[in-house]
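*Asks:* Test case, fold it:
(one chain, ligands or ions: 1)
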Amino acid sequence: MDLSRKLVSIIGTGKLGSAVALQVASREIADLRLIDIIKGLPQGEALDLGQMTAEQGADVDIIGSNEYKDLSGSDLVVVIGGLGRKPGMTRLDLQDKNEEIIRGIAEKIVEYAPKSLILMVTNPVDVMTYLTWRVSGFDASRVFGQSGMLDTMRFKYFISRALGVSTSSIQAVVIGEHGDSMVPLPRFSTLNGVPITDLLSPGQVAEIVERTRKTAAEVIALKGATIYAPAHGIARMIESVIKDKRMALCMTARLNGEYGVHDVYVDVPAVLGARGVDRVIELKLNDEERAAFLKSVDVVKTAASQLKSVKAS
Ligand SMILES: NC(=O)c1ccc[n+]([C@@H]2O[C@H](COP(=O)([O-])OP(=O)(O)OC[C@H]3O[C@@H](n4cnc5c(N)ncnc54)[C@H](O)[C@@H]3O)[C@@H](O)[C@H]2O)c1
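*Replies:* Numbers count the residues shown, from 1 in each chain. Okay, the predicted model is just below:
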């Protein structure tokens, strides 16, 4: 049995990064390196979290740093550094500013953690994951992003409220861009195997789909940022990698022919384990679903083609 502990680094320990660190530490998933450019912030987070684990008896080693060399030895690097949306902004509005930050971070990961996997979170996540894959030169299986996990959690939440049943009895699927063109899939979203389209009226389904697309902006308008829900989704993905759970979940993965689409990172169901993305699961979409998905893929492709530091095909 391999008894060595795994190491997860989190780059960007702001509102979301610190919430992810909290989940990883309190659930004893892995040792942590917290990296941020703000002097004192990651060190303070490490101390605060370490003192929390002292009461819990959680054996995790947490170090905060302002230096990328401390990424060394990471099994997984989670990138959450950069700008977030302000009320009224779309995720794509962040692209130019975050491109520069993420390109720099990707170069540092290659330098100091060349064997790691990379989980991208910074928005626009589909484009930033593509950028990181291109800059790193890593195999696409080692570079992936968080998006669908959160979007399906949100879809699940609204479905459970409409049906009046526990979220634990709901399975939900969302594909496409992590943005306004995302494609929640009611036909593939079920109450214990029964499609929600058999249980709710078309009007109710349409309302839930729309709310799922808009709810991130709703939370940002109310409290300034989305934190707990994404942190939970990210921690689940980290767990699937670190414990090689091979969970099948919606996530930003590279398509290379699947769904008839090439060279784009977009949200699809995929299997995630210790080596990263094991395989993309292809759903049998009907014409309407396929058209919406391809339209969403186009939104991401167009945004990726506007990257300044890499040329997207
Ligand atoms: N993919 C998702 O599901 C999802 C969900 C929520 C938020 N996000 C995105 O996550 C990002 C962070 O959101 P937040 O609310 O935590 O923002 P935040 O402003 O609270 O934190 C960002 C942190 O990144 C740090 N940072 C900036 N440049 C850096 C660099 N080069 N190296 C290291 N650290 C750096 C900042 O100092 C700051 O502490 C945003 O882009 C946001 O849009 C993604």
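*Asks:* three-state assignment of residue 307?
*Replies:* At residue 307 the chain is in coil, as set by DSSP: H, G, I helix; E, B strand; the rest coil.
*Asks:* what about it, distance to residue 67?
*Replies:* Distance of residue 307 to residue 67, computed by CB to CB, to the nearest Å: 27 Å. No exception for glycine: its C-beta is placed from N, CA and C like everyone else's.
*Asks:* Who has more neighbours out of the two?
*Replies:* Shown here are residue 307 and residue 67; by other CB atoms under 10 Å, residue 307 has more neighbours (19 against 10).
*Asks:* For that one, give me its contacts.
*Replies:* By CB atoms under 8 Å, 6 or more residues apart in numbering, the contact set of residue 307 is 95, 99, 127, 130, 131.
*Asks:* Please apply the same query to residue 215.
*Replies:* With CB under 8 Å, 6+ apart, residue 215 has these contacts: 154, 158.
*Asks:* So residue 8 belongs to a helix, correct?
*Replies:* No. Counting by three-state DSSP, residue 8 is located in no helix; its state is strand.
*Asks:* Helix or strand: which one has the residue nearest to residue 300 when sequence neighbours are not counted?
*Replies:* Leaving aside its chain neighbours, residue 300 sits nearest to residue 126 (4.6 Å; criterion: CB to CB, 6 or more residues apart in numbering). For residue 126, the element it lies in under DSSP states H and E is helix 125-136.
*Asks:* Quick one: list the elements packing against that helix.
*Replies:* Helices and strands touching helix 125-136, by 3 or more CB pairs under 8 Å, 6 or more residues apart in numbering; DSSP states H and E, are helix 95-112, strand 117-120, strand 143-145, strand 247-256, strand 262-273, helix 287-305.
*Asks:* wait, does the fourth one contact the ligand?
*Replies:* What that stands for is strand 247-256. No. Using CB under 6 Å from any ligand atom, strand 247-256 stays clear of the ligand, coming no nearer than 8.0 Å.
*Asks:* what's the answer for the last one, then?
*Replies:* No. Against the ligand, helix 287-305 shows no contacts by CB under 6 Å from any ligand atom, the least distance being 13.4 Å.
*Asks:* List phi and psi for the residue in the chain positioned nearest to the ligand.
*Replies:* Of all residues in the chain, the one sitting closest to the ligand is residue 14 (1.9 Å; CB to the nearest ligand atom). Main-chain torsions, residue 14, degrees, to the nearest 10: phi -80, psi -140.
*Asks:* distance between stretch 284-301 and the chain's centre?
*Replies:* Centre-to-centre, stretch 284-301 and its host chain are 20 Å apart (CA atoms, centre = their mean, to the nearest Å).
*Asks:* How about stretch 166-185?
*Replies:* Using CA atoms, centre = their mean, the offset of stretch 166-185 from its chain centre is 13 Å.
*Asks:* Go through that stretch and flag the buried ones.
*Replies:* Judged by neighbour count (16 or more other CB atoms under 10 Å), stretch 166-185 contains these buried residues: 170, 172-179, 181-185.
*Asks:* Contacting the ligand as well, which ones from those residues?
*Replies:* Residues of the buried residues of stretch 166-185 in contact with the ligand (CB under 6 Å from any ligand atom): residue 178.
*Asks:* now the buried residues of stretch 166-185 as a markdown table including secondary structure?
*Replies:* Shown next, in a markdown table, are these (three-state DSSP):
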| residue | secondary structure |
| --- | --- |
| 170 | strand |
| 172 | coil |
| 173 | coil |
| 174 | strand |
| 175 | strand |
| 176 | strand |
| 177 | coil |
| 178 | coil |
| 179 | coil |
| 181 | coil |
| 182 | coil |
| 183 | strand |
| 184 | strand |
| 185 | coil |
